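**Q** coords please:
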Amino acid sequence: MPDTAAISVDPSEVAPIVPALSPRAAVEAHLDGGGRPAPIGLEPVVTLEAVSHQRGDITLLQNVDLSLAPGCLVALAGPSGAGKTTLLAVLAGLVKPTAGRVTRRSDPTAGGAGGHLGYVPQDDIVPLDLTVDRVIGSAAALMLPDPPEVRQRRVGEVIAAMGLTHRRHTVVRQLSGGERKRVSVAVELLTTPRLFLLDEPTSGLDPAASAALLARLRGLASDGSTVVMTTHSPVDIDRCEIVVFIAAGGSVAFVGTPDGARRHFGVDDLADVYPMLVAALDPVTPTAVAATRRPVTPSSPRSVGVRPTTSFGRQWWALVRRSAAQLARSRLTLVILLGSPLMVTLMMATLFPSGGLDGAERSLTAVQESYWICFASFFFGLTYGLLQVVTEMPIVRRDRLSGVRTTAYVAAKFAVLMPVLLVVNVSMLATLRVTDRLPALDLSTWVRLGVTASLISIAALATGLLASAAVGDTTQATLALPMICFPQVLFAGILVPRAAMTTVGRLMSDVLVTRWGFESIGGALGLGGRGGSGPDPFATTFGGAVAHDWIVLAMIAVTMLGGTVAILRQRSLLAAGR
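**A** The predicted structure is shown next:
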């Protein structure tokens, strides 16, 4: 057994060590049956050259050189925390390394840099509230350009291939962890990805299911795809053609066949390699080429054409249907979305006296009621948007890797939630009128009031989506709620009239939804033309033109939606440039 303090590489037992490859350089070797190099002239799908990655003071990857050729099933193995998941994310383009270069070969048949890429992380990357066939069918509508009957046939094929036929009408949330993983893999198999990356795909599977999944992945590799998976299982490693062992500190300690790894480390059981990788202090990082045992010509897709994306309109409509189905099937979410506005409206009806807006003078009650109508509309929109994106970030990343446009995703969320908000605002105004908290108004005034309340909610919804895209988890989203709401109360002009604010306060007020919404609702209710007794702090609050208020609210909404798209692109865009 070699000294565990310094692991070196014996070239006779590993994949051939060659100089760093340029983007168009051909792979010069593969492993034949005896583990020896032989020329085949295949070009690497992805090449890493001197790649390192740090997060703060922690080194996750260190000087990794690795080239992956078509038609290979590769295992990334090593102790926990060694950097396997980070390396997988670098290969996917989800993480941009702090040093080195990642080169992906363009596929002229795919219509985009690097061709289609499949990525299955450890997280669930499919909607949990939909049935298996609905999830895979929705993904097919997003990624496949074929007619509906062809897509449906392909959906049936991958469901059968993953052994999910008896579960196709089951809601994903009700599946076991291993079955949910198979659903995620099935989604990626729709398009036969050229580069397929999986993070511990057999975790939670029984031995039979694990063997079946590995057999399916090997079949995919035999068709010309490059399949890379992280694993801790020695059994899984033995089912792969190439193993890349990563030592503690993020450097590559070995690249080659599983049998070559046994000879190199002097062990009979690959599980005995792991303590050596933890103890290794100075592992060698080779430039290695993982390739197939035989020349491979990638086969043509059997039933679908492979494309990285479909049209914007098609993606938008597929995402609208998916989001609407999720909303309809999640009864708890639906009850909250409709029940909380009802409770807020009833509390407002209880708080304010009837007839509070009657009379010739502008009373404090009338001003307060105008503001709380504005704030209620804002609160509805904000809470609707605040948890929409953050809870789906793994799905957003997977969609993005499949070529789904970020603008289509955001526009779909907006299109599904906006009609619900319109109904909620109309219901709130109707309830306040029935309970005499709003006076009898002519039709044009009701229209102005309804449009204003809806624009407030729309701008707030866009604000909520922006915050949801920016935060890291649901806890941060919950903490963001008061942080967003407090300025909307303090600087709206209700506690301190805008004319009495400091210069900085007025500038802050000018970019807030509630400042313009409060002014417009008060103007719609006729408060701008009333004079109160004594000094009137709100004399200039409600005098703005309604068209100006609406334009500002619309501009805020557009700006927030643009920010949401930009943040999602930053968090999920491929480093390769897609």
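**Q** Low-confidence stretches in this structure?
**A** For the chain, applying pLDDT under 70 flags the ranges 1-43, 106-115, 279-309, 356, 358-362, 528-537, 539, 572-578.
**Q** check contacts around Ser520.
**A** Neighbouring residues of Ser520 by Cβ atoms under 8 Å, 6 or more residues apart in numbering: Arg448, Thr452, Gly544, Val546, Asp549, Trp550, Leu553. To be clear about C-beta, it is placed using only N, CA and C from the backbone, and glycine gets the same treatment.
**Q** ok, and the spatially closest residue to the third one that is not a sequence neighbour, which helix or strand is that part of?
**A** In space, not counting the residues next to it along the chain, Gly544 is nearest to Glu519; the distance is 5.0 Å by Cβ to Cβ, 6 or more residues apart in numbering. Assigned by DSSP states H and E, Glu519 belongs to helix 513-524.
**Q** before we move on, the earlier item: present the contacts of Ser520 as JSON lines; the columns should include distance to Val489 and secondary structure.
**A** Listed next are the contacts of Ser520 as JSON lines, based on distance: Cβ to Cβ, whole Å; DSSP: H, G, I helix; E, B strand; the rest coil:
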{"residue": "Arg448", "distance to Val489": "24", "secondary structure": "helix"}
{"residue": "Thr452", "distance to Val489": "18", "secondary structure": "helix"}
{"residue": "Gly544", "distance to Val489": "20", "secondary structure": "coil"}
{"residue": "Val546", "distance to Val489": "23", "secondary structure": "helix"}
{"residue": "Asp549", "distance to Val489": "19", "secondary structure": "helix"}
{"residue": "Trp550", "distance to Val489": "22", "secondary structure": "helix"}
{"residue": "Leu553", "distance to Val489": "17", "secondary structure": "helix"}
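**Q** which of those residues has the most neighbours?
**A** Highest neighbour count within these: Thr452, with 27 neighbours (other Cβ atoms under 10 Å).
**Q** could you check the distance from that residue over to Val90?
**A** Thr452 sits 49 Å away from Val90, going by Cβ to Cβ, to the nearest Å.
**Q** try Gln476
**A** Going from Gln476 to Val90 by Cβ to Cβ gives 25 Å.
**Q** Can you tell me the SS state at Ile456?
**A** helix (DSSP: H, G, I helix; E, B strand; the rest coil).
**Q** Near it, how many other residues are there?
**A** When neighbours are counted by other Cβ under 10 Å, Ile456 comes out with 32.
**Q** right, and it touches Phe518 too?
**A** No: contact status for Ile456 versus Phe518: not in contact, 9.0 Å apart, counting by Cβ atoms under 8 Å.
**Q** Overlap in contacts, the two.
**A** Common neighbours of Ile456 and Phe518 (Cβ under 8 Å, 6+ apart) are Cys374.
**Q** Touching, Tyr409 and Leu319? I think so.
**A** Yes: the criterion here is Cβ under 8 Å, and Tyr409 meets it with Leu319 at 5.8 Å.
**Q** What about the nearest residue to Pro207 once chain neighbours are set aside, how many residues nearby?
**A** Of all residues not flanking Pro207 in the chain, Val235 sits nearest, at 7.7 Å (Cβ to Cβ, 6+ apart). Neighbour count for Val235, taken as other Cβ under 10 Å: 14.
**Q** What backbone torsions are found at Val235?
**A** phi -60, psi -40 (degrees, to the nearest 10).
**Q** got it, and the one 10 residues further on?
**A** In terms of degrees, to the nearest 10, the main-chain angles of Phe245 are phi -90, psi 130.
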